[in-house]
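S.K.: Fold the stuff below for me.
(chains A, B, C and D)
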Protein chains: 2
Amino acid sequence: MPPTKKSTLVLVAERAGVSIASVSRVMNGLPASQQVIERVRQAADELGYVPDATARSLKAGKTDQIALAVADVGNPVYAGMMHEISRVVTKAGYRLVLSSTGIDPHVQIDLLSSLNRGFADGLILSPLRFTEELCVQLRASRLPIVIIGSLPAGIELDNVRADSGRGIALAVDHLVEQGRQRIAFINGPVDTAPGAARLNGYLRALTEQGRPLNADAQVNASDFTYRAGLKAANALLDQTTPDAIVCANDLLAVAAMKVIFKRGLRVPDDIAIVGMDDTDIADLAQPAITSVDLRSTKRARMAAKLLLRRLENPQAPVEQVVIEPKLVVRASSVSGCAEAEL
Amino acid sequence: MPPTKKSTLVLVAERAGVSIASVSRVMNGLPASQQVIERVRQAADELGYVPDATARSLKAGKTDQIALAVADVGNPVYAGMMHEISRVVTKAGYRLVLSSTGIDPHVQIDLLSSLNRGFADGLILSPLRFTEELCVQLRASRLPIVIIGSLPAGIELDNVRADSGRGIALAVDHLVEQGRQRIAFINGPVDTAPGAARLNGYLRALTEQGRPLNADAQVNASDFTYRAGLKAANALLDQTTPDAIVCANDLLAVAAMKVIFKRGLRVPDDIAIVGMDDTDIADLAQPAITSVDLRSTKRARMAAKLLLRRLENPQAPVEQVVIEPKLVVRASSVSGCAEAEL
DNA sequence: CTGTTAGCGCGTTCAT
DNA sequence: ATGAACGCGCTAACAG
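M.R.: Predicted coordinates:
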């Protein structure tokens, strides 16, 4: 169905009876005589001419594209961050190129060498695992990179992260205040950056509260997903009987709640639940789930702004931002409140 | 932190003591003598050379990028589709460029003219509303476009859509079978393509069942989101007392359920709920929500494949696929089943 | 098998 | 104010 062939600067110039330079000027709003402007505009309209983005990129040395790589587009947290980043960079005149990297670090390494081929002007990356090879590639990149999440020592990149260990502590302290005695923990894979940080936070918080560390009270889901959460929760409840469960994210939390109901137990009466990320899921759930707000949209926005800043000024000093988590209390962790909520 | 400046074919050629053509050939695996291969490889390694994507695109006349435009990245349905499309096109060697267009059709029009500037080789578009101007632009595009969703008459583009009107009918019929008498309907904006189709399906299904059409039993959320759903559900229950509610998507359904609980009513005993899209949300909810599966990932996959097909063969005949919906029954619509589920 | 050359479409000096 | 010519980095066609 293509109405006409693609037209170029040369064709417009011929039709308007001027030089290609004049056409270029008119298209870019540079000074020209009224007469030339009109003839060019008309010729361009008639031919349906639009400047070619690729040629312009080659000339300008920039693509006006920003790459975003996240582990799992299906996770509401990442979806929300993507939305926010898309908003910010679009407003600044950039397009967003998406990579769903999954868990495999090798995909991210490929992405980094692609980036050096210059398909985008910069990258926002949120890696789950840092392999040695990934770190090498990160250091070797010539293009601006902003990391969302913790950064291993020795890597000097702009980055913005939440103190998720502290977030877990907020959850544990809250549950202790609520009089809960046996506070269990459903984590994701512990060999990931967030998994490690959250485990650390759990152990430290329990210790600071003077509580014993019970190995039976901890399980690791194979993944930060709902399905993995169902298995993990079943495993946990098979081996112990907690009166509270802290979960490493909202997906795991809602899975835990589901399993609890299936076993004829009640939330929060028998078991209190706290999730993490404060996504819509936590609010949608019945009862609504108390969750640690890791400020994902704020982190996303700051990451985008950090990248835009460095794009403008590549020499800017490295900036590392830590965002403080905040506990959002809902019915799933407060006895006597669930009914009121209903 | 950039270790060295960016290097080009010329630099590598100088260092290896060969011509740029030879370097190009080696990089592309074309025949060359063993000696040249080695020298080029070494020089390239030492300089950290990687071919420039933009220059290659200009030469090849293609960007290896596919654009995807959806209304709302925050909606789990779209997130899932995005995931699937990303999977398919990545495997075919394309990158995915994301546009979150929101509701405003003008953003999509801008996108189409951008597309004609050639920043991507093709586009997958899922528009909510078709304005006249959008249709004009769609027809005028030189690049392949695949539409997800219904298409207005007179537009000949590859497209794949679900029969959502039929989906609503499945829901209504199911509720009638369950003995429900007053089947209400929470729709999204009725001036959108999906909103119109679903309203149509609701009215027809009720008529075919010989039920009266009651204006009080229908409300339109201002948006297909959870928050809009809360308002709509409250409005509905303020003006009538249904014993079943069909919702235009899962977000609206879970919102309705939340409101029902807040009012001290039970699901499904007092009011049965059916959602649409069969996202994880439906399964996560408590009780789990019966939902019409519109095969979103299948639609996404087919859309991606249609686009890839046309990219390979621009002359291929236009293909329009309609996917049949399927009802997934869960606890929210079957009396006496909710407890069993618990 | 290898080097030279001509564009891909555009922005941008230089002259005029 | 305008036009001619060059180069961004790469690939492909043509010589040799």
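S.K.: Please list the residues of chain A that sit near DNA strand C.
M.R.: Residues of chain A that fall close to DNA strand C, judged by C-beta under 7 Å from any atom of the strand: A:6, A:8-10, A:20-21, A:24-25, A:27-28, A:49, A:51-52, A:55-56, A:58-60. From N, CA and C alone the C-beta is placed, and that goes for glycine too.
S.K.: How many residues are close by whichever residue of the stretch 201-342 of chain A sits closest to chain B?
M.R.: Residue nearest to chain B within the stretch 201-342 of chain A (C-beta to the nearest C-beta): residue A:286, separated by 4.5 Å. By the criterion of other C-beta atoms under 10 Å in any protein chain shown, residue A:286 has 23 neighbours.
S.K.: and if you look at the one 10 residues further on?
M.R.: A total of 21 residues lie near residue A:296 under the criterion other C-beta under 10 Å.
S.K.: Can you check the pLDDT for it?
M.R.: On pLDDT, residue A:296 comes in at 97.
S.K.: List the residues that contact the residue nearest to the residue of the stretch 201-342 of chain A closest to chain B when sequence neighbours are not counted.
M.R.: In space, and not counting its chain neighbours, residue A:286 is closest to residue B:286: 4.5 Å by C-beta to C-beta, 6 or more residues apart in numbering or on different chains. By C-beta atoms under 8 Å, 6 or more residues apart in numbering or on different chains, residue B:286 lies in contact with A:257, A:258, A:261, A:285, A:286.
S.K.: Does the third one touch residue A:267 like I think?
M.R.: What that stands for is residue A:261. Yes. Between residue A:261 and residue A:267 there is a contact under C-beta atoms under 8 Å: 7.4 Å.
S.K.: who in chain A is up against DNA strand D?
M.R.: Applying C-beta under 7 Å from any atom of the strand, we find that chain A lies next to DNA strand D at A:18-22, A:25, A:31-33, A:35-36, A:55, A:58-59, A:61.
S.K.: how about a cut-off of 10 Å?
M.R.: A:9, A:13, A:16-26, A:30-37, A:39-40, A:54-61, A:117-118 (C-beta under 10 Å from any atom of the strand).
S.K.: which SSE is residue A:77 in?
M.R.: Following DSSP states H and E, one finds residue A:77 within helix A:76-91.
S.K.: Okay, domains of chain A per the record?
M.R.: Residue ranges for each domain of chain A read A:9-51, A:65-162+A:296-324, A:164-293+A:327-341, as given by automatic domain parsing.
S.K.: Single out the most deeply packed of those.
M.R.: Comparing the domains of chain A by mean neighbour count (mean count of other C-beta atoms under 10 Å in any protein chain shown), domain A:164-293+A:327-341 ranks first with a mean of 21.
S.K.: how far does stretch A:123-141 stretch from start to finish?
M.R.: Terminal residues of stretch A:123-141 lie 10 Å apart, using C-alpha to C-alpha, to the nearest Å.
S.K.: Residue A:274 against residue A:174, yeah?
M.R.: Yes. With contact defined as C-beta under 8 Å, residue A:274 and residue A:174 form a contacting pair (7.0 Å).
S.K.: Now list whatever residues contact both of these two.
M.R.: A:290, A:333.
S.K.: Check for me that residue A:321 belongs to a strand.
M.R.: Yes. According to DSSP: H, G, I helix; E, B strand; the rest coil, residue A:321 belongs to a strand.
S.K.: okay, the contacts of residue B:286 in a markdown table with secondary structure and pLDDT next?
M.R.: Listed next are these as a markdown table, based on DSSP: H, G, I helix; E, B strand; the rest coil; pLDDT from 0 to 100:
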| residue | secondary structure | pLDDT |
| --- | --- | --- |
| A:257 | helix | 97 |
| A:258 | helix | 96 |
| A:261 | helix | 95 |
| A:285 | coil | 94 |
| A:286 | coil | 91 |
